[in-house]
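> using only what follows, build the 3D model:
(chains A and B)
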Amino acid sequence: MSSKEISVALVGNPNTGKSTLFNALTGLRQKVGNYPGVTVARKSGRCDCGDGLKVELVDLPGLYSLAAASPDEQVVTDVLLGSLEGSHQPDAIVVVLDATNILRNLFLASQLAELNLPLALVLNQADIAHKQGLKIDTELLSQRLGGVPVVLTSAWKGEGISAVRRAIAEALNKKTKMTRLTWPSQVESALNTIVQTIEKDTGKAPSAADVQRILFSSNTHTSDRLGWSHSHRDAVVRQARDQVRAAGYNPLAAEPLIHYAHLRKVLEGVTVGGNGKQGNAAALDKVLLNRVVGPILFIGIMLGLFASVFWLAKFPMQWIQAGVDFLKAIVAPALAGTPMLQSLVTDGIIAGVGAFLVFLPQILILFLFVGILEDSGYMARAAFIMDRLFSWCGLNGKSFVPLLSGFACAIPGLLSTRTIEDPKARLATAFAVPFMSCSARFPVYALMCAAFIGPLYGPGWESVVMVGMHCVGLIFAVPTAFVLTRFVLKVKPQPFVLELPRYQMPKPRDVIWRMWQNAAEFISKAGTVIFAITIIIWALCYFPRDAQMSDRIKASEPTLSEHELQARTQAAMIEQSWMGRFGKAVQPVFDPCGFDWKITVGVLASFPAREVIVSTLGVTYSIGKGAEADSEHLRTAMQEAKWTDGPRKSTPIFSLAAVLALMVFFALCSQCGATIATLAQETGGWKWAAISFFYMTILAWVMAVVVYQVVIRLT
Amino acid sequence: MNFELIIISFLVGSALGWLINRAVKKFKQQRAGKCAGGCGCSDKLKPKN
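Numbering: from 1, shown residues only, chains lettered A, B, ... in the order given. Next up is the predicted model:
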């Protein structure tokens, strides 16, 4: 076998540090998290195990047992059994265990032993076990398990990584297999009954692991996969289960009971000490998870987070603005001989991309704080607090992780719905995920808050409005999910089991890396999609040009000064441009929301990606201003913009009512092509994606109208 | 048509072409079962059964 073909699967319970170990072994930077559901699909990388042995290491979603219930668990069992499209069965398995909870983690390893593949055990988080005074005799454990390599590591500290490489090499070279447990005779006989029948019916001998799944699991996935769907199947399984019952076990609970009895014997004398001291953590949990104090603290933390984002980002934003202005000041005179090109570069590209890039410091600081909250273990506590709300509206408790991921980006949120077993609950969660306020909405809120809320009501209100806007999606997702789960899909309530991670100091390297990943994506978007869109928006706002426009205005109003004439000409030019004509034609639809034609254009241009509105407004408010327009200009121009006709003539376009309506519209509208495509992919068709798009968009319009009409009457 | 307009047409055409090409690529990617988003998510795996 060539080294290229060797693959090793990394398997273990959720939250044992598999992805951290994977990153340490492969040098890759896969997203890691301390709550289940971060890894929802197979990820692979190359690992050098020494002596020229290079293997493909496959990081798999965490699971507690081989009895797969959810799609992500199904991926793991399919990979391990080699029944996954485009992959073969791994040549060895590395089981990652939490060193502080070996017994529970060994259950999966014990099930994996039935696959009869070379195996190595990695007892991760050894530093915490050491802190708890737990001593582990790895040699004795290895001996008891039939000589499989057992190593202690602390992946997040980078300790013991070489030992893992050696263990992988040893498992592959010596084909080390873990001792399989001896089943009680009646259970063994029940398993044999199934083996013989399948062999007779299909002509192929099933693996021990497959037969155990058929006997001990309530679903028929394994027998279906083996092509064993003969009419007598159910009767044979029933008869085998009766044999298990005769041995004094409930067939569906027998497997863990027998495994744990075996493992308790294996672990005798292997672990010494370990008082499991979690005194401070328990006290902290009492406060953070309190029914009353917990939610209040959660809101307080979120308020503090957004206030810090605004406060800390203020100066870096000014520096970026200064940089953009400097660039404009250099470029504009250089292109003075070619006014059209000058307008494209300064009013289009620099104004549009600059208006977007200015928000980079806020994005960086936001993800820095979110990373700290995640790594410290608080986010999983937040999941626990929010579960009360979700269980009320009928969503599965597991919905929190997808919804939480949705606050960064809806796409990973939609992918992590695969952790939910019940397909109806999965669909309801997938429908709710796009309501979460993703980071693409952030620049829209930030622009509105900085231009209107802060100057009007003080900086403190910026963070209040920010938190409010992040809650808007949630406020509408909850009743939507309630109706969907109770009346449309009729989802049965299911208990939520979440393993709370221990509190820890966030690791700066991981937090900074995650922050950088988000920043890189933001910058790359500015340099690609936003760049291309600003060029097109500029062209649509610039053409067609009427060379006689200035003369006609001068003829009708001869008293205008040169400066006024230029301003009036530019305004008239943009109004008769293609974009101006289109915006004016569509504007009546958005008139009840208080949007003028420029906002309407911004809203429509944002349907493929919502952050496009910032650069679109940057272009539409910059055309014709040339070098005079600095980055602050967008805010100033928006503050000064007034209605030029109709009943609102001479009143500000961006009134408090219009600003709030615009933010609410963006909070609720389905403006992301990639999200709609992923929703279609995850729900297995375009039906739910189309329902989601129309529902969210109509809801956004209705709520924007309500907000505008109510606030305009109150102010 | 003057030189300036030729450059502008080229830039606008390139931007439009690039955006269309990107959208088509993403659509094909999504149809092939891969991630259609740009959020760093990995490929989707399809179980055989």
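> next, the distance between the ends of stretch A:77-90.
Terminal residues of stretch A:77-90 are spaced 11 Å apart (CA to CA, to the nearest Å).
> for the longest helix anywhere in chain A, packing partners?
In terms of residue count, the longest helix belonging to chain A (DSSP state H) is helix A:293-334. Packing contacts for helix A:293-334, counted by 3 or more CB pairs under 8 Å, 6 or more residues apart in numbering or on different chains; DSSP states H and E, involve helix A:279-288, helix A:351-357, helix A:360-376, helix A:378-392, helix A:459-483. For every residue, glycine as well, the C-beta is placed using N, CA and C.
> relative to helix A:293-334, how tilted is the fourth one?
Angular relation of helix A:378-392 and helix A:293-334 on a 0 to 180 degree scale: 110 degrees, by axes from the mean of the first three to the mean of the last three CA atoms, to 10 degrees.
> packing partners for helix A:378-392?
Judged by 3+ CB pairs under 8 Å, 6+ apart, helix A:378-392 is in contact with helix A:279-288, helix A:293-334, helix A:400-406, helix A:459-483.
> how about 10 Å then?
Packing partners of helix A:378-392 (3 or more CB pairs under 10 Å, 6 or more residues apart in numbering or on different chains; DSSP states H and E): helix A:279-288, helix A:293-334, helix A:360-376, helix A:400-406, helix A:459-483.
> now the ones you listed in CSV, with mean neighbour count and mean pLDDT?
As requested, these are exported to CSV (neighbours: other CB atoms under 10 Å in any protein chain shown; pLDDT from 0 to 100):
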stretch, mean neighbour count, mean pLDDT
helix A:279-288, 12, 84
helix A:293-334, 16, 88
helix A:360-376, 21, 85
helix A:400-406, 26, 78
helix A:459-483, 18, 89
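> out of those, flag the one nearest A:Gly684.
helix A:400-406 (16.7 Å; CB to CB).
> helix or strand right after the closest one?
helix A:410-415 (DSSP states H and E).
> output the contacting helices and strands for that following helix.
If you count contacts as 3+ CB pairs under 10 Å, 6+ apart, helix A:410-415 packs onto helix A:400-406, helix A:423-432, helix A:673-683.
> so where's chain A shaky on pLDDT?
Across chain A, residues meeting the criterion (pLDDT under 70) sit at A:1-5, A:29-42, A:69, A:84-87, A:274-279, A:396-397, A:493-498, A:623-633.
> might you name the residue of it sitting closest to chain B?
The minimum distance from chain A to chain B, using CB to the nearest CB, falls at A:Ile411 (3.3 Å).
> one step back: which of the helices and strands packed on helix A:410-415 sits closest to A:Cys393?
That would be helix A:423-432 among those, by CB to CB, at 8.8 Å.
> and the longest helix of chain A with helix A:279-288, angle?
Using the same axes, to 10 degrees: helix A:293-334 against helix A:279-288 is 80 degrees.
> roughly how far is helix A:293-334 from the heart of the chain?
Relative to the chain's own centre, helix A:293-334 is displaced by 23 Å; criterion: CA atoms, centre = their mean, to the nearest Å.
> could you quantify the relative orientation of it and helix A:360-376 as an angle?
If you take the same axes, to 10 degrees, helix A:293-334 sits at 150 degrees to helix A:360-376.
> before we move on, the earlier item: wait, doesn't the residue of chain A closest to chain B sit right on A:Met436?
No. A:Ile411 lies out of contact with A:Met436 (CB atoms under 10 Å); the separation is 11.5 Å.
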